[in-house]
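S.K.: Next comes the sequence, and after it the predicted model I'd like to discuss.
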Amino acid sequence: MCQVRYSPELKVANPLAVAPFQEAISDLFPVLSPSQNVSIHVEGEIGGAQTSSQVSVGSFAQVAWRFSDNDDNWTLTLTPDSLTLESRTYERFPSYLARLESVLRALAKYVRPSIGTRIGLRYINEIRQDEVDWASVIRPELLGPLALPQFAHTAQQAIQQILLRGEEGVVININHGLLTGNVVNPRPAAQPETGPFYLLDIDVFRDFKPGELLVRAAPVRRHVEGFHSLISQVFRWAITETYAETLGRRDDVD
């Protein structure tokens, strides 16, 4: 999943303003499902005994336009302050990047965000296997107690977060561990998974100051390619050589 955030463009709430963007991406995302996310904002100030207390509650609704392909394998979500591209059938990074560039060109032409604020790239890996032998899949440095058979066969859940600071303000957020069921929501008609799996959720992002990020296909692509390289290195380090061999040889790391 890749998300590009920018300063709010209020015209995105207007269907007539979004129509040219929809037409530009219709070959890739022909299905439109408009939705509305409601956010609640609370402000308050509670003083001491000699002052009065005032609390005000305000609410606002943010429109989110959800575009998808016919099989619901690819999803594009447009809001006044973000564009998010998700895939259920990710195979190779170049094909994902090409689709991302297409929607970014449409965004730059028809929405025209003026100030980019953040770019993030996230891969959620649910690793499943028939036998409970996580030591053959995940490096012991990450597994911790789960590398021991007495823990591996009895543990129901073990989750950890690792937050790393990279160069130029890049943040690497790793959530990993043993879980049951699923993290990624299945399609409405699909049967959800119920068994244990090992989660490798790797999210790389960077916040930008006003004027640092031009929301155009070329500059965003360069950042996303760099983030992908970081995620690839983390993923390849996190898994064992034995498990890597089962994935096959790939020029671009998934």
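M.R.: Thanks, I have it. Bear in mind that the values here come from a model prediction, so they are computed numbers and not experimental data.

S.K.: Spell out, range by range, the helices that occur in this structure.
M.R.: With DSSP state H, the ranges of helices along the chain come out as 15-25, 93-106, 140-143, 149-152, 217-238, 241-247.

S.K.: Which positions in the fifth one come out as buried?
M.R.: I take that to be helix 217-238. With burial defined by 16 or more other CB atoms under 10 Å, the residues of helix 217-238 counted as buried are 217, 220, 223-224, 226-228, 230-232, 234-235, 238. All C-beta atoms are positioned from the backbone trio N, CA, C, and that covers glycine.

S.K.: Same question for the fourth one.
M.R.: For helix 149-152, burial by neighbour count (16+ other CB under 10 Å) applies to Ala152.

S.K.: ok, back up a step: from the buried residues of helix 217-238, pick the one nearest Arg105.
M.R.: The closest of those to Arg105 turns out to be Ala217 (CB to CB; 5.0 Å).

S.K.: can you tell me how far the closest one sits from Ala106?
M.R.: Distance, Ala217 to Ala106, using CB to CB, to the nearest Å: 9 Å.

S.K.: got it, and Ala244?
M.R.: Here Ala244 is placed at a distance of 37 Å from Ala106 (CB to CB).

S.K.: These two: which is more packed in?
M.R.: Comparing Ala244 with Ala106 by other CB atoms under 10 Å, the one with more neighbours is Ala106, at 23 against 15.

S.K.: you'd agree that one is up against Ala24?
M.R.: Yes: between Ala106 and Ala24 there is a contact at 4.0 Å, judged by CB atoms under 8 Å.

S.K.: for the stretch 1-150 of the chain, which spans come out with low pLDDT?
M.R.: For the stretch 1-150 of the chain, applying pLDDT under 70 flags the ranges 35-61.

S.K.: ranges for the strands of it?
M.R.: For the stretch 1-150 of the chain, applying DSSP state E, counting those that start in this stretch gives strands covering 2-6, 31-45, 54-68, 74-79, 82-87, 116-127.
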